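Participant: 3D model of this:
(2 chains)
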Amino acid sequence: MFTLLAQADTAVDAGKAIALALGIGLGSLGAGIGIGNIFGSMIQSVARQPELRGELQGIMWLGFALTEAVVFYGLIGGLLAFVLV
Amino acid sequence: MSWLVLAATEKFDPSHEFELPAWVPIQLGPLDMSINKAVVYLWISAVVSMLLGILLMRLRVGVEPGTRQTIGEQIYEIAQTQIAEQGLPDKAIGRWFPYVASLLIFIWTVNMIGFVPLPITGETFDLAGVELPVWGIYAATSSISVTLALALITFFFTHYEGVRANGPVRYFKSWIPDVPKPMLGLLVPLEVLGQFMRLVSLSVRLYANMLAGHMLILTFIGLIFVLESVVLAVVAVPAATVFYLFEVVIVVSIQAFIFAALSAIYIGSAIEPEH
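Facilitator: Numbers count the residues shown, from 1 in each chain, chains lettered A, B, ... in the order given. Reported below is the predicted structural model:
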């Protein structure tokens, strides 16, 4: 796979590599916005009610991981398509 | 990741890093029970996580905690307040706290050992006539079989506990959402599918996180060798180091926490269904 990425022999391989990179890039875009929202809201909440920090932290990390995982579904899907198709 | 082997071999293909050749082939009928790198890493992690528990929480525990005991109590408190009490109903904490706490410590250990260079890559290199094992990093959780097995345990416990706490009729009735009759044909399959999607999301989240972390480091270091230019090391090595630190400091703990927290939430929601 990596050798293909590094020295794509045919146009098909090159196209697949571009599609993989584009797919992961666009997938990361959405998750990036989501993670930014989570941390932004967390900062706002803690600024308003600092005493809730401990309780909110657990929820924040949960939301962070759930959002972040979306990128990896894209990555796994992309890699599957790249290897299998 | 065995970069040192590059000195010895001409051809370098980074995709070989995630292959798992069988070291001790064992076939039980159709089941492939071979011992490979992931299995050895799991054994080491199991021993280390047990030692961690004994060392931090069992051995010579007193009323005046030292540093060692304070760390143990911190881990216990996170498992208690952030995981068990968030997900499980009060009556079930005593029963399921050991499971979610073990998940937390075990997955954390597996992930963490994945970033410690160990001489068990199964490859050797030649240094002045002496065969030395190649040191590399590899996480057992970057293999989907491992994470799927862990997710299956949670999946099984969820439904086992749901049936045990509510009885089979009430438990499976709770899967039927409270909507008008014509919608049921559409929503019940979705609900059942959702139960299985939990299995996928739980396992793929951990697997893909660890795989992607190792792949990032490998890609940056591998670029030097794939493109055969030493100058690239000026950029590649610091970049790989940054990702390595990000993984060790944040991702390793977060993923262990998430896996345990979601297991607690799933088991908790099976014990006390919403409708």
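
Participant: Show me what counts as buried in stretch B:55-72.
Facilitator: Using 16 or more other CB atoms under 10 Å in any protein chain shown as the burial criterion, the residues of stretch B:55-72 that qualify are B:Leu56, B:Met57, B:Gln69, B:Gly72. All C-beta atoms are positioned from the backbone trio N, CA, C, and that covers glycine.

Participant: Near chain A, list only the ones from those residues.
Facilitator: Among the buried residues of stretch B:55-72, not one lies near chain A by CB under 8 Å from any CB of the partner chain.

Participant: element containing the one residue in chain A that gets nearest to chain B, please.
Facilitator: When scored by CB to the nearest CB, chain A has A:Phe72 as its residue closest to chain B, at 3.2 Å. If you go by DSSP states H and E, A:Phe72 is part of helix A:53-84.

Participant: Not counting stretch A:27-37 itself, show me its contacts.
Facilitator: A:Phe64, A:Thr67, A:Glu68, A:Val70, A:Val71, A:Tyr73, A:Gly74, A:Leu75, A:Gly78 (CB atoms under 8 Å, 6 or more residues apart in numbering or on different chains).

Participant: Spell out which residues of the stretch 151-275 of chain B are next to chain A.
Facilitator: B:201, B:204-205, B:208-209, B:212, B:219, B:222, B:226-227, B:254-255, B:257-258, B:261-262.

Participant: The buried residues of stretch B:55-72 in helices, which ones?
Facilitator: Using DSSP state H, the subset of these located in helices is B:Gln69, B:Gly72.

Participant: For the buried residues of stretch B:55-72, give me CSV that also has distance to B:Val169 and pLDDT.
Facilitator: Below are these laid out as CSV (distance: CB to CB, whole Å; pLDDT from 0 to 100):
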residue, distance to B:Val169, pLDDT
B:Leu56, 44, 86
B:Met57, 41, 83
B:Gln69, 47, 86
B:Gly72, 43, 88
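
Participant: Out of the buried residues of stretch B:55-72, which is nearest to B:Tyr138?
Facilitator: For those, the minimum distance to B:Tyr138 (CB to CB) is 25.4 Å, reached by B:Leu56.

Participant: any weak-confidence spans in the chain?
Facilitator: Chain wasn't specified; assuming chain A. A:1-9, A:85 (pLDDT under 70).

Participant: To clarify, I was referring to chain B.
Facilitator: B:1-17, B:275.

Participant: biggest helix in it, by residue count?
Facilitator: helix B:181-226.

Participant: coming back round to it: identify the farthest-apart pair in the residues of the stretch 151-275 of chain B next to chain A.
Facilitator: Using CB to CB, the two most remote members of these are B:Leu227 and B:Ala261, lying 41.6 Å apart.

Participant: the more surrounded of those two?
Facilitator: B:Ala261 (24 against 12; other CB atoms under 10 Å in any protein chain shown).

Participant: ok, and the closest non-adjacent residue to the residue of chain B found nearest chain A?
Facilitator: For chain B, the residue closest to chain A is B:Ala208, as judged by CB to the nearest CB, at 3.2 Å. Closest residue in space to B:Ala208, ignoring its immediate chain neighbours: A:Phe72 at 3.2 Å, by CB to CB, 6 or more residues apart in numbering or on different chains.

Participant: List the contacts of the one you found.
Facilitator: A:Phe72 touches B:Val204, B:Arg205, B:Ala208, B:Asn209, B:Ala212, counting by CB under 8 Å, 6+ apart.

Participant: mind checking how far it is from B:Leu216?
Facilitator: Relative to B:Leu216, A:Phe72 is positioned 12 Å away (CB to CB, to the nearest Å).

Participant: Next: B:Tyr244.
Facilitator: Relative to B:Leu216, and taking CB to CB, B:Tyr244 is found at 9 Å.

Participant: Just give me the neighbour total for the residue nearest to A:Gly74 when sequence neighbours are not counted.
Facilitator: Once flanking residues are discounted, A:Gly74 sits nearest to A:Gly27: 3.1 Å by CB to CB, 6+ apart. Neighbours of A:Gly27 under the rule other CB under 10 Å: 18.

Participant: quick one: B:Ala240 from B:Ile144, how far?
Facilitator: For B:Ala240, the distance to B:Ile144 - CB to CB - is 24 Å.

Participant: Neighbour count for those two, which is higher?
Facilitator: B:Ala240 (21 against 16).

Participant: Report the contact partners of that one.
Facilitator: Applying CB under 8 Å, 6+ apart, we find B:Ala240 in contact with B:Leu216, B:Ile217, B:Phe220, B:Ile221.

Participant: can we see that at 6 Å?
Facilitator: B:Ile217, B:Phe220, B:Ile221 (CB atoms under 6 Å, 6 or more residues apart in numbering or on different chains).

Participant: Which strand or helix spans it?
Facilitator: Here B:Ala240 is assigned to helix B:233-246, by DSSP H and E.

Participant: which strands and helices sit next to the helix or strand following that helix?
Facilitator: Later in the chain than helix B:233-246, the nearest helix or strand by DSSP H and E is helix B:252-271. Helices and strands touching helix B:252-271, by 3 or more CB pairs under 6 Å, 6 or more residues apart in numbering or on different chains; DSSP states H and E, are helix A:53-84, helix B:85-87, helix B:90-113, helix B:144-166, helix B:181-226.
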